[in-house]
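Participant: Sharing a sequence plus its predicted fold:
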Amino acid sequence: DTEVTQTPKHLVMGMTNKKSLKCEQHMGHRAMYWYKQKAKKPPELMFVYSYEKLSINESVPSRFSPECPNSSLLNLHLHALQPEDSALYLCASSQDLTQPNSPLHFGNGTRLTVT
Amino acid sequence: AQKITQTQPGMFVQEKEAVTLDCTYDTSDPSYGLFWYKQPSSGEMIFLIYQGSYDQQNATEGRYSLNFQKARKSANLVISASQLGDSAMYFCAMRERTGGSYIPTFGRGTSLIVHP
């Protein structure tokens, strides 16, 4: 059982839709991440939250909008996406960003298809 | 420049044999962490093993061990007694300090197939 829960598992959306991806962790972690992953490629970092504040935005297009309502929850709001945004979206958490020894704990991901 | 290099796009191994997956890294920071993750075809990313830059001993976790050669900047994963369930993508990752925070960087991955 994963300790990081992502919903939904699969999402199909049109280019004019608005949808949200949700992520929840109850490990007391203070850093949370969104990654985008294409098939057979490594995960690409999109956003990092540290203590509920946006710490890193890797020049992600504004059609992706992250939100961290509290220390356990992380959302990714999607609007006006393009077909090339179809990918596996992974949420992860770690203890914090202050130590090099903190592994990432990943959710099972959301497989997004944009039609 | 690549921070993490995995030179083997694909590897094949016979069941019950050992296999080594290569990883080299590049950093000038004396304090860093090295990680290996497994990603089966179902998509979840599973943390396997960690090695700290100051650790004197190689890390081991069950059938996984990390061959850490600091001077060569390599952190190879050794899987002993391979099982069919080990077939997956394997990613090497490093946490180094970037602007005051330790941010993970991933290699391109190695696809491992275990034959019966």
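Facilitator: On my side now, so go ahead.
Participant: Could you list the residues of chain A in contact with chain B?
Facilitator: Contact residues (CB under 8 Å from any CB of the partner chain) of chain A with chain B: A:2, A:40-43, A:45, A:48, A:50, A:55-56, A:88, A:90, A:92, A:97-109, A:111. Placement of C-beta: from N, CA and C, glycine included.
Participant: Which ones among those residues map onto strands?
Facilitator: Among the residues of chain A next to chain B, the members falling in strands (DSSP state E) are A:Leu45, A:Val48, A:Ser50, A:Ser55, A:Ile56, A:Leu88, A:Leu90, A:Ala92, A:His105, A:Phe106, A:Arg111.
Participant: Mind giving me the PyMOL command for buried ones among the residues you listed?
Facilitator: Typed into PyMOL, the line below selects the buried ones among these, using 16 or more other CB atoms under 10 Å in any protein chain shown:
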select buried, chain A and resi 45+48+50+55+56+88+90+92+105+106+111
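Participant: Make JSON lines from the ones in strands among the residues of chain A next to chain B and add distance to B:Tyr37 and pLDDT to it.
Facilitator: As requested, these are exported to JSON lines (distance: CB to CB, whole Å; pLDDT from 0 to 100):
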{"residue": "A:Leu45", "distance to B:Tyr37": "14", "pLDDT": "96"}
{"residue": "A:Val48", "distance to B:Tyr37": "17", "pLDDT": "97"}
{"residue": "A:Ser50", "distance to B:Tyr37": "21", "pLDDT": "96"}
{"residue": "A:Ser55", "distance to B:Tyr37": "21", "pLDDT": "95"}
{"residue": "A:Ile56", "distance to B:Tyr37": "19", "pLDDT": "93"}
{"residue": "A:Leu88", "distance to B:Tyr37": "14", "pLDDT": "97"}
{"residue": "A:Leu90", "distance to B:Tyr37": "11", "pLDDT": "97"}
{"residue": "A:Ala92", "distance to B:Tyr37": "10", "pLDDT": "97"}
{"residue": "A:His105", "distance to B:Tyr37": "10", "pLDDT": "96"}
{"residue": "A:Phe106", "distance to B:Tyr37": "8", "pLDDT": "96"}
{"residue": "A:Arg111", "distance to B:Tyr37": "18", "pLDDT": "97"}
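Participant: May I see the ones in strands among the residues of chain A next to chain B organised as JSON lines, with distance to A:Gly14 added?
Facilitator: Below are those laid out as JSON lines (distance: CB to CB, whole Å):
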{"residue": "A:Leu45", "distance to A:Gly14": "27"}
{"residue": "A:Val48", "distance to A:Gly14": "29"}
{"residue": "A:Ser50", "distance to A:Gly14": "34"}
{"residue": "A:Ser55", "distance to A:Gly14": "32"}
{"residue": "A:Ile56", "distance to A:Gly14": "30"}
{"residue": "A:Leu88", "distance to A:Gly14": "19"}
{"residue": "A:Leu90", "distance to A:Gly14": "23"}
{"residue": "A:Ala92", "distance to A:Gly14": "28"}
{"residue": "A:His105", "distance to A:Gly14": "32"}
{"residue": "A:Phe106", "distance to A:Gly14": "28"}
{"residue": "A:Arg111", "distance to A:Gly14": "16"}
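Participant: which one of the ones in strands among the residues of chain A next to chain B is nearest chain B?
Facilitator: Nearest to chain B out of these is A:Phe106 (CB to the nearest CB; 4.0 Å).
Participant: tell me the SS of the residue most central in space within chain A?
Facilitator: Nearest to the geometric centre of chain A sits A:Trp34, at 2.8 Å (CA atoms, centre = their mean). Following DSSP: H, G, I helix; E, B strand; the rest coil, we place A:Trp34 in the strand state.
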